[in-house]
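1. Sequence plus predicted model, see below.
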Amino acid sequence: MSRPSPRMLTVLRNEVLTPHMRRLVLGGELSDFPPGCESANFKLLLPRPGQSSIALPPFAEMPEAERPIVRTYTLRHFDAERGEIYVDFMMHADHGPASAWAASAAPGDRVGFAGPGAPKFVDWQADWFFFAGDMSALPAIAANIERLPCEAKGYAVLDILDPADRQALPFPEGIAVQWRVNPHPELDSNGLVDAVKAKTWLPGSPAVWVAGESGAVRAIRRYMVGDRVVPRDRLYASGYWQIGMTEDRHQIEKRKNSQ
(Lines give C-alpha, C1' and ligand atoms only; values in the text may rest on other atoms or scores of the structure.)
Protein backbone atom coordinates (compact mmCIF):
# COMPACT_ATOMS: atom_id res chain seq x y z
CA MET A 1 0.00 0.00 0.00
CA SER A 2 1.15 3.56 -0.67
CA ARG A 3 1.64 5.87 2.28
CA PRO A 4 -0.81 8.74 2.66
CA SER A 5 0.52 12.27 2.27
CA PRO A 6 2.16 13.78 5.38
CA ARG A 7 -0.14 15.90 7.51
CA MET A 8 -0.22 18.13 10.56
CA LEU A 9 -2.04 16.86 13.63
CA THR A 10 -2.93 18.35 17.01
CA VAL A 11 -2.49 16.88 20.47
CA LEU A 12 -5.91 16.19 22.00
CA ARG A 13 -4.91 14.34 25.18
CA ASN A 14 -1.77 13.28 27.01
CA GLU A 15 -2.39 10.15 29.13
CA VAL A 16 -0.17 8.14 31.47
CA LEU A 17 -0.70 4.42 30.85
CA THR A 18 2.01 3.00 33.14
CA PRO A 19 5.09 4.46 34.86
CA HIS A 20 7.08 4.13 31.62
CA MET A 21 4.41 4.34 28.93
CA ARG A 22 2.56 7.46 27.87
CA ARG A 23 -0.19 7.80 25.26
CA LEU A 24 -0.64 10.83 23.04
CA VAL A 25 -4.04 11.09 21.37
CA LEU A 26 -3.81 13.09 18.14
CA GLY A 27 -6.52 14.57 15.98
CA GLY A 28 -6.93 16.60 12.80
CA GLU A 29 -7.95 16.04 9.20
CA LEU A 30 -8.11 12.24 9.09
CA SER A 31 -10.90 11.58 6.60
CA ASP A 32 -8.46 9.83 4.25
CA PHE A 33 -6.57 7.95 6.97
CA PRO A 34 -6.47 4.22 6.11
CA PRO A 35 -8.32 1.91 8.52
CA GLY A 36 -6.85 -1.29 9.91
CA CYS A 37 -3.24 -0.07 10.01
CA GLU A 38 -2.60 -0.61 13.71
CA SER A 39 0.97 -1.96 14.19
CA ALA A 40 2.19 -0.10 11.07
CA ASN A 41 5.14 2.26 11.36
CA PHE A 42 4.99 5.99 10.71
CA LYS A 43 7.15 9.06 11.19
CA LEU A 44 6.54 11.74 13.79
CA LEU A 45 7.89 15.16 12.79
CA LEU A 46 8.82 17.13 15.89
CA PRO A 47 9.89 20.77 16.15
CA ARG A 48 13.51 21.48 16.93
CA PRO A 49 14.23 23.85 19.83
CA GLY A 50 13.26 27.34 18.76
CA GLN A 51 11.19 26.26 15.78
CA SER A 52 7.73 27.84 15.65
CA SER A 53 6.52 25.73 12.73
CA ILE A 54 7.04 22.19 11.47
CA ALA A 55 7.99 21.53 7.86
CA LEU A 56 6.49 18.53 6.09
CA PRO A 57 8.35 16.29 3.61
CA PRO A 58 9.94 16.23 1.12
CA PHE A 59 13.12 17.64 2.69
CA ALA A 60 15.55 17.12 -0.21
CA GLU A 61 16.44 20.79 -0.70
CA MET A 62 15.83 21.94 2.85
CA PRO A 63 18.82 22.78 5.11
CA GLU A 64 19.26 20.28 7.95
CA ALA A 65 18.71 22.95 10.61
CA GLU A 66 15.26 23.76 9.17
CA ARG A 67 14.05 20.17 9.08
CA PRO A 68 12.05 18.75 11.99
CA ILE A 69 13.30 15.95 14.19
CA VAL A 70 12.02 12.69 12.69
CA ARG A 71 11.30 9.62 14.81
CA THR A 72 9.69 6.29 13.93
CA TYR A 73 6.78 4.86 15.91
CA THR A 74 4.08 2.24 15.44
CA LEU A 75 0.37 2.98 15.31
CA ARG A 76 -1.43 1.78 18.43
CA HIS A 77 -4.99 2.59 17.40
CA PHE A 78 -7.04 4.65 14.96
CA ASP A 79 -10.59 5.55 15.94
CA ALA A 80 -12.21 6.62 12.68
CA GLU A 81 -15.51 7.55 14.32
CA ARG A 82 -13.90 9.94 16.80
CA GLY A 83 -11.10 11.02 14.47
CA GLU A 84 -8.34 10.06 16.89
CA ILE A 85 -4.91 8.45 16.55
CA TYR A 86 -3.25 6.79 19.55
CA VAL A 87 0.54 6.84 19.79
CA ASP A 88 2.19 5.10 22.77
CA PHE A 89 5.63 6.27 23.90
CA MET A 90 8.11 4.33 26.01
CA MET A 91 9.44 6.90 28.47
CA HIS A 92 13.18 6.72 29.14
CA ALA A 93 14.89 8.02 32.26
CA ASP A 94 17.09 10.15 29.99
CA HIS A 95 14.53 11.43 27.52
CA GLY A 96 15.38 11.47 23.85
CA PRO A 97 13.76 14.13 21.64
CA ALA A 98 10.53 12.18 21.11
CA SER A 99 9.91 11.03 24.67
CA ALA A 100 10.86 14.50 25.95
CA TRP A 101 8.27 15.98 23.61
CA ALA A 102 5.70 13.40 24.72
CA ALA A 103 6.36 14.16 28.39
CA SER A 104 5.46 17.82 27.97
CA ALA A 105 3.02 17.79 25.04
CA ALA A 106 -0.22 19.59 25.84
CA PRO A 107 -3.59 19.83 24.10
CA GLY A 108 -3.28 22.14 21.13
CA ASP A 109 0.38 21.35 20.40
CA ARG A 110 1.10 20.57 16.77
CA VAL A 111 3.07 17.63 15.35
CA GLY A 112 3.77 16.34 11.86
CA PHE A 113 2.70 12.83 10.89
CA ALA A 114 3.94 10.86 7.85
CA GLY A 115 2.42 7.46 7.16
CA PRO A 116 1.33 4.92 8.11
CA GLY A 117 2.91 2.12 6.12
CA ALA A 118 1.57 -1.41 5.86
CA PRO A 119 0.36 -3.07 9.09
CA LYS A 120 2.59 -5.74 10.64
CA PHE A 121 0.23 -8.51 11.65
CA VAL A 122 0.91 -12.20 12.25
CA ASP A 123 -0.48 -14.85 9.92
CA TRP A 124 -3.87 -15.47 11.49
CA GLN A 125 -4.05 -18.92 9.84
CA ALA A 126 -1.13 -20.28 11.90
CA ASP A 127 -1.65 -23.15 14.32
CA TRP A 128 -0.26 -21.09 17.20
CA PHE A 129 1.48 -17.78 17.92
CA PHE A 130 4.72 -16.54 19.48
CA PHE A 131 5.21 -12.87 20.39
CA ALA A 132 8.39 -11.43 21.88
CA GLY A 133 9.58 -7.89 22.41
CA ASP A 134 10.39 -5.03 24.74
CA MET A 135 8.36 -1.93 25.56
CA SER A 136 9.20 -0.28 22.25
CA ALA A 137 7.34 -3.17 20.55
CA LEU A 138 4.44 -3.31 22.99
CA PRO A 139 2.08 -1.00 21.02
CA ALA A 140 2.36 -3.16 17.88
CA ILE A 141 2.19 -6.40 19.85
CA ALA A 142 -0.92 -5.11 21.64
CA ALA A 143 -2.55 -4.35 18.28
CA ASN A 144 -1.90 -7.95 17.25
CA ILE A 145 -3.16 -9.38 20.55
CA GLU A 146 -6.47 -7.53 20.17
CA ARG A 147 -7.06 -9.32 16.86
CA LEU A 148 -6.23 -12.87 17.93
CA PRO A 149 -9.04 -15.41 17.71
CA CYS A 150 -10.40 -16.37 21.12
CA GLU A 151 -9.13 -19.94 20.69
CA ALA A 152 -5.54 -18.81 19.94
CA LYS A 153 -2.71 -20.50 21.82
CA GLY A 154 0.98 -19.84 22.15
CA TYR A 155 3.33 -17.52 24.01
CA ALA A 156 4.05 -13.85 24.65
CA VAL A 157 7.40 -12.90 26.23
CA LEU A 158 7.35 -9.19 27.01
CA ASP A 159 10.13 -7.12 28.58
CA ILE A 160 9.07 -4.17 30.75
CA LEU A 161 11.04 -1.73 32.90
CA ASP A 162 9.00 -2.14 36.06
CA PRO A 163 6.33 -4.57 37.31
CA ALA A 164 3.84 -1.69 37.18
CA ASP A 165 4.37 -1.44 33.41
CA ARG A 166 2.16 -4.49 32.78
CA GLN A 167 -0.83 -3.56 30.63
CA ALA A 168 -4.25 -5.17 30.80
CA LEU A 169 -4.32 -6.59 27.28
CA PRO A 170 -6.99 -9.04 26.06
CA PHE A 171 -4.80 -12.13 25.84
CA PRO A 172 -6.75 -15.28 24.92
CA GLU A 173 -6.60 -17.89 27.68
CA GLY A 174 -4.42 -20.08 25.48
CA ILE A 175 -1.61 -17.51 25.28
CA ALA A 176 0.91 -18.03 28.11
CA VAL A 177 2.21 -14.55 28.98
CA GLN A 178 5.59 -13.90 30.61
CA TRP A 179 6.27 -10.33 31.70
CA ARG A 180 10.04 -9.99 32.21
CA VAL A 181 11.22 -7.05 34.29
CA ASN A 182 14.38 -5.63 32.74
CA PRO A 183 15.09 -2.19 34.22
CA HIS A 184 18.26 -1.71 32.15
CA PRO A 185 17.47 -2.47 28.49
CA GLU A 186 20.43 -0.32 27.46
CA LEU A 187 22.82 -3.01 28.77
CA ASP A 188 23.69 -6.09 26.74
CA SER A 189 21.72 -9.08 27.97
CA ASN A 190 20.49 -12.40 26.62
CA GLY A 191 17.52 -12.46 29.00
CA LEU A 192 14.79 -12.07 26.39
CA VAL A 193 16.50 -14.48 24.01
CA ASP A 194 16.97 -17.13 26.72
CA ALA A 195 13.33 -16.76 27.82
CA VAL A 196 12.15 -17.35 24.25
CA LYS A 197 14.36 -20.41 23.83
CA ALA A 198 13.13 -21.85 27.12
CA LYS A 199 9.53 -22.18 25.90
CA THR A 200 8.31 -25.67 25.04
CA TRP A 201 7.71 -25.88 21.30
CA LEU A 202 4.10 -26.60 20.43
CA PRO A 203 2.94 -28.88 17.62
CA GLY A 204 1.96 -27.38 14.30
CA SER A 205 3.20 -24.33 12.41
CA PRO A 206 3.51 -21.08 14.41
CA ALA A 207 3.41 -17.45 13.39
CA VAL A 208 6.21 -15.54 15.12
CA TRP A 209 6.27 -11.78 15.75
CA VAL A 210 9.31 -10.22 17.43
CA ALA A 211 10.59 -6.65 17.66
CA GLY A 212 12.67 -4.47 19.96
CA GLU A 213 16.42 -4.14 20.49
CA SER A 214 18.23 -5.18 17.31
CA GLY A 215 20.75 -7.55 18.91
CA ALA A 216 18.03 -9.52 20.69
CA VAL A 217 15.83 -9.56 17.59
CA ARG A 218 18.66 -10.92 15.41
CA ALA A 219 19.38 -13.69 17.94
CA ILE A 220 15.72 -14.70 18.15
CA ARG A 221 15.40 -14.64 14.36
CA ARG A 222 18.41 -16.97 14.03
CA TYR A 223 16.86 -19.33 16.56
CA MET A 224 13.47 -19.34 14.85
CA VAL A 225 14.87 -19.83 11.35
CA GLY A 226 17.80 -22.12 12.15
CA ASP A 227 16.69 -24.22 15.12
CA ARG A 228 12.92 -24.14 14.72
CA VAL A 229 12.71 -23.82 10.92
CA VAL A 230 9.89 -21.29 11.06
CA PRO A 231 8.85 -20.38 7.48
CA ARG A 232 9.97 -16.88 6.63
CA ASP A 233 6.47 -15.89 5.56
CA ARG A 234 5.31 -16.61 9.13
CA LEU A 235 8.16 -14.74 10.82
CA TYR A 236 8.19 -10.98 11.41
CA ALA A 237 11.37 -9.78 13.12
CA SER A 238 12.32 -6.09 13.25
CA GLY A 239 14.92 -4.18 15.23
CA TYR A 240 13.35 -0.96 16.47
CA TRP A 241 16.47 0.35 18.20
CA GLN A 242 20.05 -0.69 19.01
CA ILE A 243 22.13 -0.43 22.14
CA GLY A 244 24.69 2.37 21.89
CA MET A 245 23.22 3.85 18.70
CA THR A 246 21.05 6.90 18.09
CA GLU A 247 17.83 6.40 16.14
CA ASP A 248 19.18 8.39 13.20
CA ARG A 249 22.24 6.11 12.99
CA HIS A 250 20.14 3.01 13.57
CA GLN A 251 17.79 3.88 10.70
CA ILE A 252 20.78 4.41 8.38
CA GLU A 253 22.20 1.01 9.33
CA LYS A 254 18.80 -0.69 8.82
CA ARG A 255 18.53 0.75 5.34
CA LYS A 256 22.07 -0.41 4.51
CA ASN A 257 21.41 -3.92 5.79
CA SER A 258 18.17 -4.21 3.81
CA GLN A 259 19.86 -3.46 0.49
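-> Perfect, I can see it now. Bear in mind the structure is a predicted one, so any value in this text is a computation, not a measurement. Residues are numbered from 1 along each chain as shown.
2. and the residue nearest to R166 when sequence neighbours are not counted, how many residues sit next to it?
-> In space, and not counting its chain neighbours, R166 is closest to W179: 5.3 Å by C-beta to C-beta, 6 or more residues apart in numbering. Yep, even glycine has a C-beta here, placed from its N, CA and C like the rest. W179: 13 surrounding residues under other C-beta atoms under 10 Å.
3. who's in contact with the residue lying closest to G212 once chain neighbours are set aside?
-> Among residues not flanking G212 along the chain, D134 sits closest, at 3.8 Å (C-beta to C-beta, 6+ apart). The contact partners of D134, taken as C-beta atoms under 8 Å, 6 or more residues apart in numbering, are 158-160, 182, 185, 192, 212-213, 216.
4. go again using 6 Å as the cut-off
-> Applying C-beta atoms under 6 Å, 6 or more residues apart in numbering, one finds that D134 lies in contact with 159, 185, 212.
5. Would you verify that R222 is located in a strand?
-> No - if the criterion is DSSP: H, G, I helix; E, B strand; the rest coil, then R222 is helix and not within a strand.
6. what's the spacing between it and V210?
-> R222 sits 11 Å away from V210, going by C-beta to C-beta, to the nearest Å.
7. Then L56?
-> 32 Å.
8. more crowded one of these two?
-> Neighbours were counted for L56 and for V210 using other C-beta under 10 Å; V210 has more, 27 against 15.
9. Show me what the strand ranked longest in the chain packs onto, helices and strands only.
-> The longest strand of the chain (DSSP state E) is strand 7-18. When contacts are defined as 3 or more C-beta pairs under 6 Å, 6 or more residues apart in numbering; DSSP states H and E, strand 7-18 sits against strand 21-27, strand 110-114.
10. quick one: the residue nearest to R166 is in a strand?
-> Yes - checked against three-state DSSP, W179 lies within a strand.
11. so who does it touch?
-> Neighbouring residues of W179 by C-beta under 6 Å, 6+ apart: 158, 160, 166.
12. Now do the residue located most distally from the centre of the chain, the pLDDT please.
-> Using C-alpha atoms, centre = their mean, the residue of the chain lying farthest from its centre is E61. It sits 29.9 Å away. Looking at E61, its pLDDT reads 87.
13. Same question for K256.
-> K256 is assigned 57 on the pLDDT scale.
14. Over to M245?
-> Predicted confidence (pLDDT) at M245: the value is 67.
15. Same check on Q167?
-> 97.
16. how much space between it and V177?
-> 11 Å.
17. the more surrounded of the two?
-> Neighbours were counted for Q167 and for V177 using other C-beta under 10 Å; Q167 has more, 17 against 13.
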